[in-house]
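**Q** just a sequence and a predicted model for now, questions to come.
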Amino acid sequence: MLTYSSNLAIDPILVHVPGEDTLKLLVALHQHQDARANGLVEQLTPLTLQVLRLGKPQFAPTVGGAPLVDPHVPLELSHAMYADVAGESKAVDSLRSMGLSPMMALPVSSAEVLLGETLMCFVSFHNSGSAPLADVAIKIELHTKTQPYSLVDNAAAPLQQLQAGHSANYLVKHEVKELGRHMLRCSASYVHVSGEPRVVPAKYKFEVINPLSVTVRIPHHGDALFVEAELENATDVPLFIDSVTLVPAPGLACLDVNTQFDPPTALVASESSLAQLDFDALMEAPVDSDFLKPGCARQFLYRLTPAPGSGTLLRTVTSVGKLDIVWKTGFGEAGRLQTSQLARALPPAPGLAIEIDELPDVVAACSPFVAVLKVTNESPAPVALRLHVAKATDAAIALDGVSGTAYGELRSGASLRIPLHLFATRPGMHPLRGIHLVDTHTGNMYEARDLAVIFVEPPHAAPSHAP
């Protein structure tokens with residue numbers, strides 16, 4: 001059994017604890033603090049400390065018939081494990097088609113913990129002396145950059161006695177929610193058989209890293225906001241993405257576009273047709289959609305609209321919600337990440353919203369027609385509008401009237417319909433351009449861009465008259 005004592009640093013080693021079916025105890029790779037440096041202990045103490053990190057075994061992963069080599073496992077061993085089981089049975093082939101090997105791999109020592117994991121440690125205080133220890137008070141804390149978390153503290157009711165050769169064991173759990181350096185502090189105070197009070201402190205440091213790199217874009221298109229999220233595996237081991245959910249902000253409704261596609265036919269077959277399914281072919285189907293190898297990425301898309309009855313204006317929304325991500329690694333060990341509120345930078349206020357309200361489907365060349373503009377004042381102040389239409393000698397769509405018409409004052413939030421009398425000079429598909437509105441209060445000019453494309457057909461032939 002591996003022991004951490006007050007003046008001894010031990011290299012990490014894998015140990016098996018009887019009575020555990022699949023759990024393996026992996027000693028965390030932490031730095032031990034010498035108790036003598038603090039002047040707390042003058043000689044070797046009979047109370048020794050063991051800290052072990054709990055982890056499960058895992059299948060040795062493979063994809064596409066070749067093993068995914070764990071960077072911590074020697075290359076020769078990885079290929080040897082794969083060669084020993086190659087061609088054993090169809091069940092083995094089916095297992096490998098899911099990216100797995102029938103070989104079991106023990107967890108590997110690491111000084112890193114993934115953000116979102118539940119850290120599980122087995123802490124044992126062992127009386128290795130020949131006499132009992134009295135009033136044993138145990139304290140276990142996890143210190144992050146922001147605050148400490150108390151995991152065990154029996155100072156109010158310490159152990160009255162810890163007999164020689166006996167241990168006080170604790171299983172501690174904590175969901176890791178912060179990045180950066182963490183420290184597990186363990187201490188035990190007791191009364192020695194000589195009557196002298198003593199303290200055994202120790203600390204174990206480890207880094208918490210982000211398993212996924214998340215990149216988000218939030219474009220605004222039409223009457224909806226879209227959240228485009230890309231998840232990249234930032235670790236050196238494969239990850240299974242169990243679920244990615246967007247929790248919308250109040251006032252917004254979310255549509256998960258990723259679930260709108262039809263699933264494979266074999267997966268939606270009715271019970272009556274199950275007998276006809278080729279399960280071997282189904283097992284060999286690609287399953288990489290949720291399986292991320294190191295450095296690989298996957299995209300997710302969500303559509304946000306105003307929730308019914310909320311009255312939310314998308315152009316004023318700055319916070320769209322949070323991404324909730326559940327991932328798994330190893331033998332199904334789950335982790336969970338939740339992003340902070342996804343922020344969106346508001347586009348510059350246009351001042352005026354200009355759009356086509358009415359337009360004929362088809363117009364004839366050399367004939368007048370009418371298009372109706374709808375102008376909405378989205379600025380906080382009233383505007384006084386004057387219409388100008390640019391003139392060009394070769395314009396396909398020209399103004400049939402006088403430019404510079406004034407339309408008076410338009411208050412904030414109000415709309416105005418402006419009829420445009422136009423004339424098409426030649427057939428074809430022609431954009432409606434060159435329309436400007438000027439605010440005579442401020443002198444600001446607003447250009448109506450890409451209003452519409454007008455289909456102009458050839459001029460109607462004049463009816464012929466019989467002689």
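**A** On my side now, so go ahead.

**Q** okay, and the nearest residue in space to Lys322 that is not next to it in sequence sits in which element?
**A** Computed as Cβ to Cβ, 6 or more residues apart in numbering, the closest residue to Lys322 that is not its neighbour in sequence is Val247, at 4.8 Å. To be clear about C-beta, it is placed using only N, CA and C from the backbone, and glycine gets the same treatment. Under DSSP states H and E, the secondary-structure element containing Val247 is strand 239-248.

**Q** so who does the residue nearest to Lys322 touch?
**A** Contact partners of Val247, counting by Cβ atoms under 8 Å, 6 or more residues apart in numbering, are 254, 321-324.

**Q** of all those, which comes closest to Asn127?
**A** Nearest to Asn127 among these is Asp324, at 45.6 Å by Cβ to Cβ.

**Q** now do the same for Arg315: helix, strand or coil?
**A** For Arg315, the secondary-structure state derived from DSSP: H, G, I helix; E, B strand; the rest coil is helix.

**Q** circling back: show only the entries of the contacts of Val247 found in strands.
**A** 254, 321-324 (DSSP state E).

**Q** which one of the residues you listed is nearest to Val362?
**A** Cys254 (40.1 Å).

**Q** which among the ones in strands among the contacts of Val247 end up buried?
**A** The neighbour-count test (16 or more other Cβ atoms under 10 Å) applied to those identifies 254, 321-323 as buried.

**Q** rounded mean pLDDT for stretch 145-160, please.
**A** Mean per-residue pLDDT for stretch 145-160: 87.

**Q** got the CA coordinates for it in CSV?
**A** Taking C-alpha atoms only, stretch 145-160 is exported to CSV below (Å, rounded to 0.1, in the frame of the first residue of the first chain):
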residue,chain,number,x,y,z
LYS,A,145,-8.5,30.7,-7.0
THR,A,146,-11.7,32.2,-5.7
GLN,A,147,-12.7,30.3,-2.5
PRO,A,148,-12.1,27.2,-0.4
TYR,A,149,-14.6,24.3,-0.3
SER,A,150,-14.9,22.3,2.9
LEU,A,151,-15.2,18.6,2.1
VAL,A,152,-14.6,17.0,5.6
ASP,A,153,-14.4,18.7,9.0
ASN,A,154,-15.1,16.7,12.2
ALA,A,155,-13.5,19.3,14.5
ALA,A,156,-16.8,19.6,16.4
ALA,A,157,-16.8,15.8,17.0
PRO,A,158,-13.3,14.4,16.6
LEU,A,159,-12.5,10.7,16.7
GLN,A,160,-12.0,9.8,20.4
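
**Q** list the buried ones in it?
**A** Residues of stretch 145-160 classed as buried by neighbour count (16+ other Cβ under 10 Å): 151, 158-159.

**Q** partner strands of the strand holding Val247 and their direction?
**A** According to DSSP bridges, strand 239-248 forms sheet pairs with strand 291-292 (antiparallel), strand 321-329 (antiparallel).

**Q** can you flag the weakest of those by average pLDDT?
**A** Here the lowest mean pLDDT among the strands paired with strand 239-248 goes to strand 291-292, at a mean of 80.

**Q** now the helix or strand just after that one: buried residues?
**A** Elements were assigned by DSSP H and E; along the chain past strand 291-292, the next helix or strand is strand 297-306. Judged by neighbour count using 16+ other Cβ under 10 Å, the buried positions of strand 297-306 are 298, 300, 302-306.

**Q** where do the helices of the stretch 251-400 of the chain begin and end?
**A** Using DSSP state H, counting those that start in this stretch, the helices assigned to the stretch 251-400 of the chain run over residues 279-283.

**Q** next one: the stretch 51-200 of the chain
**A** Listed in chain order, the helices found in the stretch 51-200 of the chain under DSSP H, counting those that start in this stretch are 75-85, 90-97.

**Q** and the contacts of stretch 209-222?
**A** In this structure, residues lying in contact with stretch 209-222 by Cβ under 8 Å, 6+ apart are 112-116, 179, 225-235, 239, 314-315, 320, 323, 325, 327, 329, 335, 337, 339, 342, 344, 347.

**Q** show me those residues that map onto strands.
**A** Among the contacts of stretch 209-222, the members that lie in strands (by DSSP E) are 112-114, 225-233, 239, 323, 325, 327, 329, 335, 337.

**Q** buried ones only from those, please, as a ChimeraX command.
**A** Entered in ChimeraX, the line below selects the buried ones among these, by 16+ other Cβ under 10 Å:
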select :113,114,225,226,227,229,231,233,239,323,325,327,329,335,337
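
**Q** from Ile418, how far off is Thr376?
**A** In this structure, Thr376 and Ile418 are separated by 12 Å, where distance is defined by Cβ to Cβ, to the nearest Å.

**Q** next one: Thr339
**A** Plainly put, Thr339 is 45 Å away from Ile418 if you go by Cβ to Cβ.

**Q** pretty sure Glu380 sits against Gly413.
**A** One correction, residue 380 is Pro, not Glu. No. Because the distance of 9.1 Å does not satisfy Cβ atoms under 8 Å, Pro380 is recorded as not touching Gly413.

**Q** neighbours around Thr425, how many?
**A** Other residues within reach of Thr425 by the criterion other Cβ atoms under 10 Å amount to 14.

**Q** surely Leu385 touches Val375?
**A** Yes. A contact is recorded between Leu385 and Val375 when judged using Cβ under 8 Å, the distance being 6.9 Å.

**Q** need the overlap of contacts for these two.
**A** Both Leu385 and Val375 are contacted by 410, 416, 437, under the criterion Cβ under 8 Å, 6+ apart.

**Q** flag every buried residue along stretch 165-177.
**A** 168, 170, 172, 174, 176.

**Q** now the closest residue to Leu114 other than its chain neighbours, what are its backbone angles?
**A** With sequence-adjacent residues excluded and distances taken as Cβ to Cβ, 6+ apart, Leu114 is closest to Pro211, at 4.3 Å. As for Pro211, its main-chain torsions (degrees, to the nearest 10) stand at phi -70, psi -20.

**Q** which ones are touching the closest residue in space to Ala229 that isn't next to it in sequence?
**A** Taking Cβ to Cβ, 6+ apart as the measure, Ala229 lies nearest to Phe300, with 4.6 Å between them; neighbours along the chain are not counted. Neighbouring residues of Phe300 by Cβ under 8 Å, 6+ apart: 228-231, 244, 258.

**Q** among those, which one lies nearest to Val51?
**A** For Val51, the nearest member of the contacts of Phe300 is Leu231. The distance, counting by Cβ to Cβ, is 32.7 Å.

**Q** quickly note the distance from that closest one to Ile325.
**A** Distance of Leu231 to Ile325, computed by Cβ to Cβ: 7 Å.

**Q** mutual contacts of those two, please.
**A** Residues touching both Leu231 and Ile325 comprise 212, 214, 241, 244, with contact defined as Cβ under 8 Å, 6+ apart.

**Q** for Leu115, see how far away the third one is.
**A** What that stands for is Ile241. In this structure, Ile241 and Leu115 are separated by 15 Å, where distance is defined by Cβ to Cβ.

**Q** same question, the first one
**A** In this structure, Leu212 and Leu115 are 8 Å apart, going by Cβ to Cβ.
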